[in-house]
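Visitor: sharing a model prediction with you, sequence too.
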Amino acid sequence: MRRTGRITIIISFILPILLFLTSCASMRTMNEQYKEMDDLLINRDFDQASAIIEEAKTEELYQEKDRVLYYLDIGMLNYYNGEFSDSIENLTLAEYGIEELYTKSVGKAIASGLLNDNALDYFGEDYEDIYLNIFKALSFLHMNNFEEAMVELRRVSIKLNILEDKYKKIVDEYNNSDEAESQLVALESRFHNDVLARYLSLLLYREDSDYDGARIDSEMINDAFEQQTHLYNFEKPRLPQLEYADRALVNFIAFTGRSPAKLANTIYITSGNNIVYLTFTGEDESYVDKLVGFHTIIMPGVQPGFHFKFELPYLSSRGSEISSISVLIDGIEAGQLNLTENMELIAEDTFKLKQPWIVGKTVTRTVTKGIVKELSKDAVNDQLGGFGGLLAGLAMDIAVDATENADTRLSQFFPAFAYTGEFEVPQGEHQIELVYYSGNREVFRDYKGMINIEENSLNLIQSFVFH
C-alpha cells in the first residue's frame, strides 16, 4: 500500500473519533456547578448557592436530560432559603419529571443497549423521589397548610409500596427484551415503612383530633424499628404524645449533614464460556458482592479470554460531624433531640435495588463494545499493520473509554440525618434556640427568637445545618 493511502486510511479512522470526543459532554456527568457549594452551605449563603445553580442552567451544565436534577437542586435550596412556595413548585416539577421519565428512560435504555446512562434522561434516585415529598410537606407546614402536607406524606407510603415491584418490572422487561444478552435477578426491597414520614403524619393526625390515626402511626414507627433494623439501627426516639390534653407542646425537626455523593469505581470483566466474572482490585475484595449482590452474569454466546473494564456508580457517605442537638427554651436547656432517620443509609439501601439492572446493561454494553472493538482492531491491523494499526487501535480504545463514564448525577442538597423532639411548655411566648455540637464543641447555634406556643395546636420548629 502506498504511504499516502495508508495515511488516508489512518485519518479516516482517527478523525471521526477525535470529532466524537469533542462532543462527548452528553457522555459525562457535569459537576462544575458544585465546586463552591461546601463553603456556601456551611455559611448558609443560599442566595449565592441558588445563583450558581441558576447560572449553571444557562450555561447548559444542566441540559434538558438533567431537568429533574435541576429541579431537585433548586427546590431544596429554595427550602433552606425560606422560599417555601418556590420549593414546592420546583420539587413538584421534579416529581412530575420523575414520573414521566421513569418509563421512557427505562424503555430507551433497554432498546438502546449501547447507550451510556449519561446520555439518558435522569429520572432520580428512589430516595430523592421519597424525600422530596417530605420536604414538600415541611414547606406546606411552614405555610400552615396541613391538608396538603398530609397529601405529601401519604405519597411517601404509596411510593414505598410500589418500590420493589418497580425494579422487578424493570428486570423482567430487560430479561424478556430482544436486547437482553444476560439474565438478571431482581433484588428484594427491605424498605417499606418510613419513620420520618410517620412521625410527621402522627403530628398532623393529632392536630386534626384523629387520635386513632395518630396511634396507628405510632405503632407503625415501632414496627419500623423492629422489622427494619438494617435501616433503623439506633435507639428508637421518644415519640410525641397522642393527644394534646390541653397542653402546649412544641415539636422540633432538625437536619444535619448532606446526603451521599455518587462516585465511580472501576470494575473488571473476565469472560468464560457463556459467562462473565466481575472483579474489583481495590482493598475490599468483597466490594462487588456487597455493592452489586452478585459477581457473575450468564451471557450465552460469549467466548472465554476477553478482559474489559467499566465504571460502576456507587453512593459514598458524607455523614455529619454533629453528634448532639440541644434545645434551649428561655435560655434553659430543655433536653436533646433524638436521631429519628438515617437518611443517607436509606439512600444507600434503596440505591442497591437498581444495581442488577445497572450492572446487567452496563456489562452487556461493555462486553459488546469490547468484542466489536477487538475484532475491528484486528481488521484494521491487517489492513494497516505496524504503527498505523497501533495508532488506529489506540484511537478505538480512547473512543470506547470515552463513552463508558459512569453516570454520577445526583442531587446535592438533601440532608444526611433527621432529629426530632417534643417538649411541654407553658402557653405563651418563649425564646427558642437549637445548639448543634460535635462532641463537646459547639458548632452552630440556631436562634429562632420569640415564638408563641399555643395549647392544643401544632407548634413545629424546623432547623438544619450542613456540618
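Guide: Good, I have the coordinates. Numbering: from 1, shown residues only.
Visitor: tell me where this protein has helices.
Guide: Using DSSP state H, the helices of the chain run over 3-21, 37-42, 46-58, 67-80, 84-111, 126-142, 146-175, 195-207, 211-227, 287-292, 343-351, 355-384, 386-402.
Visitor: how near is the most centrally placed residue in the chain to Tyr80?
Guide: Nearest to the mean C-alpha position of the chain, by Cα atoms, centre = their mean, lies Glu125 at 4.4 Å. The gap separating Glu125 from Tyr80 is 20 Å, by Cβ to Cβ, to the nearest Å. Where C-beta positions appear, they are placed from N, C-alpha and C, glycine not excepted.
Visitor: counting neighbours, what do you get for Phe464?
Guide: 19 (other Cβ atoms under 10 Å).
Visitor: with Ile451 instead?
Guide: Here the count is done by other Cβ under 10 Å, and Ile451 has 15 residues near it.
Visitor: ok so, going back, could you measure the residue nearest to the centre of the chain against Ala94, distance?
Guide: Separation of Glu125 from Ala94 (Cβ to Cβ): 12 Å.
Visitor: pLDDT below threshold where in this protein?
Guide: 1-30, 105-115, 167-187, 281-294, 364-404 (pLDDT under 70).
Visitor: wait, the residue nearest to the centre of the chain touches Ile346, no?
Guide: No: in this structure, Glu125 is not within contact of Ile346 by Cβ atoms under 8 Å, at 10.6 Å.
Visitor: tell me the contacts of Ala261?
Guide: Leu315, Ser316, Arg318, Leu410 (Cβ atoms under 8 Å, 6 or more residues apart in numbering).
Visitor: including neighbour count and distance to Val276, could the residues you listed go into TSV?
Guide: TSV is the format used below for these (neighbours: other Cβ atoms under 10 Å; distance: Cβ to Cβ, whole Å):
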residue	neighbour count	distance to Val276
Leu315	22	24
Ser316	13	26
Arg318	15	33
Leu410	26	27
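Visitor: which two in those are spaced the farthest apart?
Guide: Farthest pair in the contacts of Ala261 (Cβ to Cβ) is Arg318 and Leu410. Separation: 11.2 Å.
Visitor: which residues do the two both contact?
Guide: Ser259, Pro260, Ala261.
Visitor: the second one: what's it in contact with?
Guide: If I follow you right, that is Pro260. With contacts taken as Cβ under 8 Å, 6+ apart, Pro260 has the following neighbours: Leu315, Ser316, Ser317, Arg318, Glu344, Ala347, Glu348, Leu410, Ala416.
Visitor: which residues does the fourth one contact?
Guide: For Arg318, the set of contacting residues under the criterion of Cβ under 8 Å, 6+ apart consists of Gly257, Arg258, Ser259, Pro260, Ala261, Glu344, Ala416.
Visitor: let's see that with 6 Å instead.
Guide: Arg318 makes contact with Arg258, Ala261, according to Cβ atoms under 6 Å, 6 or more residues apart in numbering.
Visitor: next: Tyr211.
Guide: By Cβ under 6 Å, 6+ apart, Tyr211 lies in contact with Leu242, Glu243.
Visitor: how close does it sit to Asn251?
Guide: Distance from Tyr211 to Asn251, by Cβ to Cβ: 16 Å.
Visitor: for Gln228, grab phi and psi.
Guide: phi -120, psi 50 (degrees, to the nearest 10).
Visitor: where's it relative to Phe414, distance?
Guide: Gln228 is 20 Å from Phe414, by Cβ to Cβ.
Visitor: what about those two, which has more around it?
Guide: Using other Cβ under 10 Å as the criterion, Gln228 and Phe414 rank with Phe414 on top: 24 against 18.
Visitor: what about Leu242, distance to Glu422?
Guide: Distance of Leu242 to Glu422, given as Cβ to Cβ: 11 Å.
Visitor: more neighbours: those two, which one.
Guide: More crowded of Leu242 and Glu422, by other Cβ under 10 Å: Glu422, with 21 against 16.
Visitor: got a list of what Ser320 touches?
Guide: Thr256, Gly257, Ala416, Phe417 are the contacts of Ser320 under Cβ under 6 Å, 6+ apart.
Visitor: mind doing that once more with 10 Å?
Guide: 255-258, 344, 415-417, 436, 438, 443, 465-467 (Cβ atoms under 10 Å, 6 or more residues apart in numbering).
Visitor: ok, of those, which come out buried?
Guide: Buried by 16 or more other Cβ atoms under 10 Å: Phe255, Thr256, Gly257, Arg258, Glu344, Pro415, Ala416, Phe417, Tyr436, Val443, Val465, Phe466, out of the contacts of Ser320.
Visitor: now for the residues you listed: which two are most distant?
Guide: The largest separation in the buried ones among the contacts of Ser320, counting by Cβ to Cβ, is between Glu344 and Val443 at 18.4 Å.
Visitor: before we move on, the earlier item: in strands only, show me the buried ones among the contacts of Ser320.
Guide: Among the buried ones among the contacts of Ser320, the members found in strands (DSSP state E) are Phe255, Thr256, Phe417, Tyr436, Val443.
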